[in-house]
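# I would like to see how this sequence folds:
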Amino acid sequence: MKLKVLAACLAVVSMLVVPGAMSAQADDEARSDAAAMVAEAVRMDQMFIDLYNARKFEELGARYYAEDAIALPPNHEPIQGRAGIVEYFREARDSLGEAVFDPAPLRSSVSGDLVSIVVQYSAHQGQLRVVAHETFERQPDGSLNNIHDAFGFRDPLR
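The predicted structure follows:
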């Protein structure tokens, strides 16, 4: 009788403890995947700056933006599609000069295949500070593409 009671108690304990351990492991894996996605988005932003500064706009478009991405520049109509976004940055590069990226996101979040980050850039020899809210989507091959790029200027150009 004592063995049956002990066996029943162990069965109940294992039903309570094992799922909790499995849930904690799943939470750890989800946090690790989210951190990896944020880190990849930050790497993508640095790649954007490197290609922008080097005037490699076609490569920038192909590697950074989804075909149906949308950009929301300040004081500008929304730009839909990779080709239009690339043209915007090609034109902006001449007036803004090289850009610098601050790799520390102000905020980040991950939900499923989407990662959202708020980051800062500077241009025009540091006189123009930019804050951007970007959304990346994980592609079937595991890479990220920017699908939403909204940014604003913090300083007026003098």
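
# Which strand or helix spans the most centrally placed residue in the chain?
In the chain, the C-alpha nearest the mean C-alpha coordinate belongs to Ala41, at 3.8 Å (Cα atoms, centre = their mean). Counting by DSSP states H and E, the element that carries Ala41 is helix 2-53.

# immediately after that helix, which helix or strand?
helix 57-64.

# Which element is encountered next along the chain beyond that next one?
strand 65-72.

# so that following strand versus helix 57-64, what angle?
Interaxial angle of strand 65-72 relative to helix 57-64 (axes from the mean of the first three to the mean of the last three Cα atoms, to 10 degrees): 100 degrees.

# Flag every buried residue along strand 65-72.
65-66, 69-71 (16 or more other Cβ atoms under 10 Å). C-beta: built from backbone N, CA, C; applies to glycine.

# cool, and stretch 96-111?
Residues of stretch 96-111 classed as buried: 96, 99, 101, 105, 108, 110 (neighbour count, 16+ other Cβ under 10 Å).

# Looking at the residues you listed, which gets the smallest pLDDT?
Among the buried residues of stretch 96-111, Leu96 carries the weakest pLDDT, at 88.

# Quick one: residues contacting it.
Residues near Leu96 by Cβ atoms under 8 Å, 6 or more residues apart in numbering: 123-124, 128.

# Need the CA coordinates for the helix or strand hosting Glu87. CSV is fine.
Element membership for Glu87 (DSSP H and E) is helix 82-96. Extracted as CSV, the C-alpha positions of helix 82-96 are listed here (Å, rounded to 0.1, in the frame of the first residue of the first chain):
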residue,chain,number,x,y,z
ARG,A,82,12.6,48.4,-52.9
ALA,A,83,13.4,50.3,-56.1
GLY,A,84,11.8,53.5,-54.9
ILE,A,85,13.5,53.3,-51.5
VAL,A,86,16.9,52.7,-53.2
GLU,A,87,16.3,55.7,-55.4
TYR,A,88,15.5,57.9,-52.3
PHE,A,89,18.7,56.9,-50.6
ARG,A,90,20.7,57.4,-53.8
GLU,A,91,19.5,61.0,-54.0
ALA,A,92,19.8,61.6,-50.2
ARG,A,93,23.4,60.4,-50.1
ASP,A,94,24.7,63.4,-52.1
SER,A,95,23.2,66.0,-49.7
LEU,A,96,23.7,64.1,-46.4
